[in-house]
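# take a look and give me a structure for this.
(one chain, ligands or ions: 2)
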Amino acid sequence: MSPQPFVPSPAVAEALAQGKPVVALESTIITHGMPWPQNLETATAVEALVRAEGAEPATIAVLEGQLRIGLDAADLERLAQAKDVMKLSRADLAYAVANRRNGSTTVAATMIAAHLAGIAVFATGGIGGVHRGAETSFDISADLDELARTPVIVVSAGAKAILDLPKTLEVLETKGVPVVGFGTDELPAFWSRLSGLKAPLRLDTAEAVAAFQRQRAALGIGGGMLIGNPVPAEAELSRETVSVWIENCLAEAAAQGIAGKAVTPFLLQRMFELSGGRSLETNIALVRNNARVAAGIAKALAAADL
Ligand code: PSU
Ligand code: MN
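Ligands and ions are numbered 1, 2, ... in the order given. Predicted coordinates:
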């Protein structure tokens, strides 16, 4: 058995050993969040963008039971085309390793793996949160608990607008998770820049985010933080535009009895179809924007460590 419970790529191992900036990237967005071939194109483009910004990308997944931190081009392509890939969170990450399965990591599982490997920053699209109707379904993403317990900075465009955003903010506040508008006073709403909800905190630079997380650690306050980075204006879909598609796809999910882990992938796929592909274009733009900001934060953290 290897001394470490994970397998870093050579580039990630070297970057970590030298204290260079590293950005973790999730893989559920590849297997369950976007259709082929845009999933592979996006994953590849996001990695290139992180490198161009001067950080090392580490896409995380479980491949044949190995928890891999950093994938090569062939791994990414295989994952992007694979069927029967588990969608892994805290509950089943170790199950996939123990049973030699293939699995993609959600925000929660990516945070666990990133922290294990010593990576402090992670870029995604939108986190999971409190689903609409959670007062009866109890469907609240494990991403929120993970943010409360694992010290990784998660750069997102907010929580997906298919969720109940006010309830998601309330749960994050209860759990003590800082929610930071990045260069904005308002919580972004994934496909849209505005949600109508105030971001509890605001910071305007990568250095300020790094300083805040270091201060939290110095005070012995554990856990991660959520950065809400609005989608670039030229790529956004207005709240009015998306709200009709959201109502329709939520009604379909309810009529078909979609539940559990299948809910988020179902809603994203139907949003893609109902929007004629526009939701995906925006999703790609916001992921790229988040990767760029995450690379800046990783650099600020690495510089402060010198
Ligand atoms: N954001 C996206 N696409 C995705 C996801 C987020 O743009 O596919 C994934 C993330 O991996 C997130 C997961 O952790 O959806 C949330 O799933 P659930 O609601 O079942 O916890
Ligand atoms: Mn859920």
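# tell me the mean pLDDT over stretch 30-46?
The predicted model assigns stretch 30-46 a mean pLDDT of 97.
# list the buried ones in it?
By neighbour count on 16 or more other Cβ atoms under 10 Å, the buried set for stretch 30-46 is 30-34, 38-40, 42-44, 46. Placement of C-beta: from N, CA and C, glycine included.
# make JSON lines out of those residues and add secondary structure and distance to Ile112.
Shown next, in JSON lines, are these (DSSP: H, G, I helix; E, B strand; the rest coil; distance: Cβ to Cβ, whole Å):
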{"residue": "Ile30", "secondary structure": "helix", "distance to Ile112": "18"}
{"residue": "Thr31", "secondary structure": "helix", "distance to Ile112": "18"}
{"residue": "His32", "secondary structure": "helix", "distance to Ile112": "18"}
{"residue": "Gly33", "secondary structure": "helix", "distance to Ile112": "19"}
{"residue": "Met34", "secondary structure": "coil", "distance to Ile112": "23"}
{"residue": "Gln38", "secondary structure": "helix", "distance to Ile112": "27"}
{"residue": "Asn39", "secondary structure": "helix", "distance to Ile112": "22"}
{"residue": "Leu40", "secondary structure": "helix", "distance to Ile112": "25"}
{"residue": "Thr42", "secondary structure": "helix", "distance to Ile112": "23"}
{"residue": "Ala43", "secondary structure": "helix", "distance to Ile112": "20"}
{"residue": "Thr44", "secondary structure": "helix", "distance to Ile112": "25"}
{"residue": "Val46", "secondary structure": "helix", "distance to Ile112": "21"}
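# tell me the one among these nearest to Lys20.
Val46 (18.1 Å; Cβ to Cβ).
# surely the closest one meets Val287?
Yes. At 5.9 Å, Val46 and Val287 qualify as touching, with contact defined as Cβ atoms under 8 Å.
# what is in contact with these two at once?
Residues touching both Val46 and Val287 by Cβ atoms under 8 Å, 6 or more residues apart in numbering: Ala123.
# now for the buried residues of stretch 30-46, which pair is the farthest apart?
Farthest apart among the buried residues of stretch 30-46 by Cβ to Cβ are His32 and Thr44. That separation is 17.8 Å.
# count the residues that sit near the residue nearest to Gly33 when sequence neighbours are not counted.
Nearest residue to Gly33, sequence neighbours excluded (Cβ to Cβ, 6 or more residues apart in numbering): Leu268, at 5.6 Å. When counting by other Cβ atoms under 10 Å, one arrives at 22 neighbours for Leu268.
# ok, Leu268 touching Pro35?
No. Contact criterion Cβ under 8 Å: Leu268 and Pro35 do not qualify, at 9.5 Å.
# list residues touching both of those two?
Joint contacts of Leu268 and Pro35 (Cβ under 8 Å, 6+ apart) do not exist.
# could you say which helix or strand holds the residue nearest to Gly33?
helix 263-274 (DSSP states H and E).
# report all helices and strands that the very next helix or strand once past that helix contacts.
For helix 263-274, the succeeding helix or strand toward the C-terminus, using DSSP H and E, is helix 278-305. Helix 278-305 sits against strand 22-25, helix 38-52, strand 121-123, strand 153-156, helix 206-218, helix 263-274, with contacts defined as 3 or more Cβ pairs under 8 Å, 6 or more residues apart in numbering; DSSP states H and E.
# what about this structure, any weak spots by pLDDT?
1-2, 306 (pLDDT under 70).
# need the phi and psi values for the most centrally placed residue in it.
Nearest residue to the geometric centre of the chain (Cα atoms, centre = their mean): Thr124, 2.9 Å. Dihedral pair for Thr124: phi -140, psi -170, per degrees, to the nearest 10.
# again with the one 5 residues further on
Backbone geometry at Gly129, expressed as degrees, to the nearest 10, gives phi -160, psi -150.
# just Ser192 next, same as before
Here is the backbone geometry of Ser192 (degrees, to the nearest 10): phi -120, psi 150.
# the residue in the stretch 201-306 of the chain that ligand 1 sits nearest to: neighbouring residues, count only.
Ligand 1 sits closest to Thr264 of the stretch 201-306 of the chain, with a gap of 3.8 Å, by Cβ to the nearest ligand atom. Neighbour count of Thr264, defined by other Cβ under 10 Å: 25.
# same deal with Val7?
Val7, neighbours per other Cβ under 10 Å, totals 15.
# now Asp305
Around Asp305 there are 11 residues (other Cβ under 10 Å).
# what about the residue nearest to it when sequence neighbours are not counted, neighbour count?
Take Asp305 and drop its neighbours on the chain: the residue closest to it by Cβ to Cβ, 6+ apart is Gly19, 5.9 Å away. When neighbours are defined as other Cβ under 10 Å, Gly19 has 13 of them.
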